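1. sequence? don't have it. structure:
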């Protein structure tokens, strides 16, 4: 099986006429995803790779003639909050927010609104998610041909704060014969819709998934939250973690941000070494080297 | 974006929270006049964006306007942690009965702002939370619903504060929570919040920080209410020549993004790497294997040949750089052939042999076959996804150490 997506998942692309959105629409269609409409206010009547464009989400839903499952949101930061709330107000339950540089107050508002409506947000500042050979929602993995190289169906659930590293890690799992059940680029911002711990119950319920790999960075409490979740739940899933950005623990790097907006060491809890300690205390395997991930997963699955 | 104390107090004042009759001054004469208006003992405080003002002598007490002017003259000349003050704040010396703390911060796990209150004000709240947890009240506020006074009241009451103090402190914390949300703050603190001998509550010091992403939509507060100029970013960080040059190259062309940092790096191996997570992983991998990075960089979003070339040239021209390592995690948007063209062009323009200068080229993904062909033509070995990020970094380190030995 998979989490969040399946072969029947339908979605729209908000901001579909933008350059990046046109590309990801092509990629997702080629991969077999069911994009049932696009929205760009004022552009009703156009088509993007055969996908009809509407002015509003309501029009897209009406045209589809029933509930639409998801939306990939690629509108500029100042318009994202309204676009996401529009989608949720029209019954959409799964939002992938690609947009970067959204003020966190807006993100927090969207997340609270989503919670009230039983909707789930992935991102912002993410590449979306992919179920190998089934469905891809967002730019994750790139063109269908490239995505097929990196992602083969298998046993490992992947969650990553970096979009690019989601594919790098998945490719190594595919090469090792382990494959991927579902890979989620969760986003690089300080506040995101779905954290590791918040997605764990989905993987827990997915029979195909036999282990979890997370890619993580300094900054924030997301890893501490996962460690707490792991201690509180008797999870059947072994977790292997890789921590990038250890150089940021150096004193001269304090207060500087590298890579992603959420990656900044401000307090003691934020540092790479502190996070590694917490994860290990919770029984999570933290590998030192990125290329040790597949073997560590095999070891944990077989143990 | 950070604010000076006099601005933070203004923000608090605009939100309807009582403050003392303070004045912001940029000369000793102005300080004398404000002290005369106040008509009693005053406090003169340096306006500088750094902590430890008290210790450094940036806060002085005066009994007369003359004394206030003298202190102001001294403080205006006093650098604190290498920063010059923009002025002084002259404040009446308050008759304090008790000091409290009121603050609002983001809770990233709950994804909501968190109100904090303590009846032990004037000191560091983290210290109070650690040593006297029962003296710190906490409560989340909604991002969507209006902030109710009762929510603030619950937080304050949790510290044991009751009676008229509770009723007087409640609107202060509630208003602070509202201003935090309305003004896109990352941090809004009043410390100390003082209960004066007459029973009134006033903000004696305030600390505010606004999220950079929101600066564009807070123009009314920033430009009109506080008079902060557009180019005043409050960034204490002084970019290096390398950092400035890379930024200029990035700005000159809208295609793709390049970033470069060399603060804290001084090695001999130039890094032309990407993207966000890949760069973090690769920088660690180089260092863990004994390599000395000359810089940090990020390539993303499919930059042009000129941009990739510009970044590589800047890295190659840094002092002490002998070779560059060109490495990225698997790319889907950025094209391998374009980066290959860019880095080779950089070598040739600087009259360096690409085969010698490029210690490694490891970028798998989009247009990799074309990239491999270009590299092969110049005698540079191409590494695909079968070479891990760790091994790629290791090979680059081995090459440069072999060259230096």
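-> Perfect, thanks for sending it. Just so you know, these numbers come straight off a predicted model, no measurement behind them.

2. List the buried residues for stretch B:350-370?
-> Buried residues in stretch B:350-370, defined by neighbour count with 16 or more other C-beta atoms under 10 Å in any protein chain shown: B:354, B:357-368. (C-beta placed from N, C-alpha, C; glycine too.)

3. list the contacts for residue B:284?
-> Taking C-beta atoms under 8 Å, 6 or more residues apart in numbering or on different chains, we find residue B:284 in contact with A:244, A:245, A:246, A:247.

4. next one: residue B:78
-> Shown in contact with residue B:78 (C-beta under 8 Å, 6+ apart): B:46, B:56, B:57, B:58, B:85.

5. So for it, what's the pLDDT?
-> pLDDT for residue B:78: 95.

6. Tell me the spacing between it and chain A.
-> Computed as C-beta to the nearest C-beta, to the nearest Å, the residue B:78 to chain A distance reads 24 Å.

7. measure that residue to residue B:265 for me?
-> Distance, residue B:78 to residue B:265, using C-beta to C-beta, to the nearest Å: 33 Å.

8. from the contacts of residue B:78, which two are the most distant?
-> Checked with C-beta to C-beta, those reach their widest spread between B:57 and B:85, with 11.6 Å between them.

9. what residues does stretch A:75-92 touch?
-> The contact list for stretch A:75-92 (C-beta under 8 Å, 6+ apart) reads A:12, A:14-15, A:18, A:39, A:56-58, A:61, A:67-71, A:73, A:95, A:97, A:99-103, A:106, A:109-110, A:113-114, A:117, A:119, A:121, A:124, B:213, B:216-217.

10. Buried ones among those residues?
-> Buried among these (16+ other C-beta under 10 Å): A:12, A:14-15, A:18, A:39, A:57, A:61, A:68-71, A:73, A:95, A:97, A:99-103, A:106, A:109-110, A:113-114, A:119, A:121, A:124, B:213.

11. that older thread, any residues in contact with both of residue B:57 and residue B:85?
-> Joint contacts of residue B:57 and residue B:85 (C-beta under 8 Å, 6+ apart) are B:75, B:78.

12. Same drill for these two, tell me which one is more crowded.
-> Between residue B:57 and residue B:85, residue B:85 has the larger neighbour count (other C-beta atoms under 10 Å in any protein chain shown), namely 22 against 13.

13. tell me the phi and psi of the more buried one?
-> Here is the backbone geometry of residue B:85 (degrees, to the nearest 10): phi -70, psi 150.

14. Am I right that it is in contact with residue B:49?
-> No - contact criterion C-beta atoms under 8 Å: residue B:85 and residue B:49 do not qualify, at 9.3 Å.

15. picking that back up, would you point out the most distant pair within the buried residues of stretch B:350-370?
-> Greatest spatial distance among these (C-beta to C-beta): B:357 and B:366, at 24.2 Å.

16. contacting residues around residue A:114?
-> Contacts for residue A:114 (C-beta under 8 Å, 6+ apart) come out as A:84, A:88, A:95, A:120, A:121, A:193.

17. isn't there a strand covering it?
-> No - Residue A:114: not assigned to a strand; according to DSSP: H, G, I helix; E, B strand; the rest coil it is helix.

18. if I look at it, how far off is chain B?
-> For residue A:114, the distance to chain B (C-beta to the nearest C-beta) stands at 10 Å.

19. any idea how far that residue lies from residue B:260?
-> According to C-beta to C-beta, residue A:114 stands 37 Å off from residue B:260.

20. what's the answer for residue A:76, then?
-> If you measure residue A:76 against residue B:260 using C-beta to C-beta, the figure is 26 Å.

21. The two: which is more packed in?
-> residue B:260 (27 against 13).

22. what packs against the helix or strand harbouring that one?
-> Secondary structure assignment for residue B:260, by DSSP states H and E: strand B:257-261. Counting by 3 or more C-beta pairs under 8 Å, 6 or more residues apart in numbering or on different chains; DSSP states H and E, the packing neighbours recorded for strand B:257-261 are helix B:241-251, strand B:296-300, helix B:305-316.

23. ok, 6 Å please
-> For strand B:257-261, the elements it packs on are helix B:241-251, strand B:296-300, judged by 3 or more C-beta pairs under 6 Å, 6 or more residues apart in numbering or on different chains; DSSP states H and E.

24. pLDDT on the last one, on average?
-> For strand B:296-300, mean pLDDT rounds to 94.

25. Equivalent analysis for the first one, please.
-> For helix B:241-251, mean pLDDT is 95.

26. wait, does that helix contact chain A?
-> No - judged by C-beta under 6 Å from any C-beta of the partner chain, helix B:241-251 makes no contact with chain A; its nearest approach is 11.3 Å.

27. quick one: buried residues of that helix?
-> For helix B:241-251, by 16+ other C-beta under 10 Å, it's B:242, B:243, B:245, B:246, B:249, B:250.

28. separation between the residue nearest to the fifth one when sequence neighbours are not counted and chain A?
-> Counting by C-beta to C-beta, 6 or more residues apart in numbering or on different chains, the nearest residue to residue B:249 once its immediate chain neighbours are dropped is residue B:310, at 3.7 Å. Shown here: residue B:310 relative to chain A, a distance of 20 Å by C-beta to the nearest C-beta.

29. Tell me, how many residues neighbour the closest residue to residue A:219 other than its chain neighbours?
-> Spatially, and ignoring its direct neighbours in sequence, residue A:219 is nearest to residue A:263 (4.5 Å; C-beta to C-beta, 6+ apart). Residue A:263: 26 surrounding residues under other C-beta under 10 Å.

30. List the residues that contact residue A:263.
-> If you count contacts by C-beta atoms under 6 Å, 6 or more residues apart in numbering or on different chains, residue A:263 has them with A:217, A:218, A:219, A:257.

31. ok, which residues in the stretch 201-350 of chain B are in contact with chain A?
-> B:211, B:213-214, B:264, B:275-281, B:283-284, B:287, B:329-330, B:332.

32. How about the residues of the stretch 151-300 of chain A by chain B?
-> For the stretch 151-300 of chain A, the contact set with chain B under C-beta under 6 Å from any C-beta comprises A:162, A:164-165, A:167-168, A:171, A:190-191, A:220-221, A:225, A:244-247, A:252-253, A:259-260, A:289-291.

33. what's around residue 222, how many residues?
-> Looking at chain A here, since you left the chain open. Residue A:222 is flanked by 25 other residues according to other C-beta under 10 Å.

34. wait, chain B
-> Residues near residue B:222, counting by other C-beta under 10 Å, number 21.

35. can I assume it sits in a helix?
-> Yes - remark: residue B:222 belongs to a helix, assigned using three-state DSSP.

36. in which helix or strand would I find the closest residue to chain A within the stretch 151-300 of chain B?
-> Residue of the stretch 151-300 of chain B nearest chain A, by C-beta to the nearest C-beta: residue B:277 (2.4 Å). Residue B:277 belongs to helix B:276-288 when assigned by DSSP H and E.

37. If you count neighbours, what's buried in that helix?
-> Applying a neighbour-count criterion of 16+ other C-beta under 10 Å, one finds B:276-288 buried in helix B:276-288.
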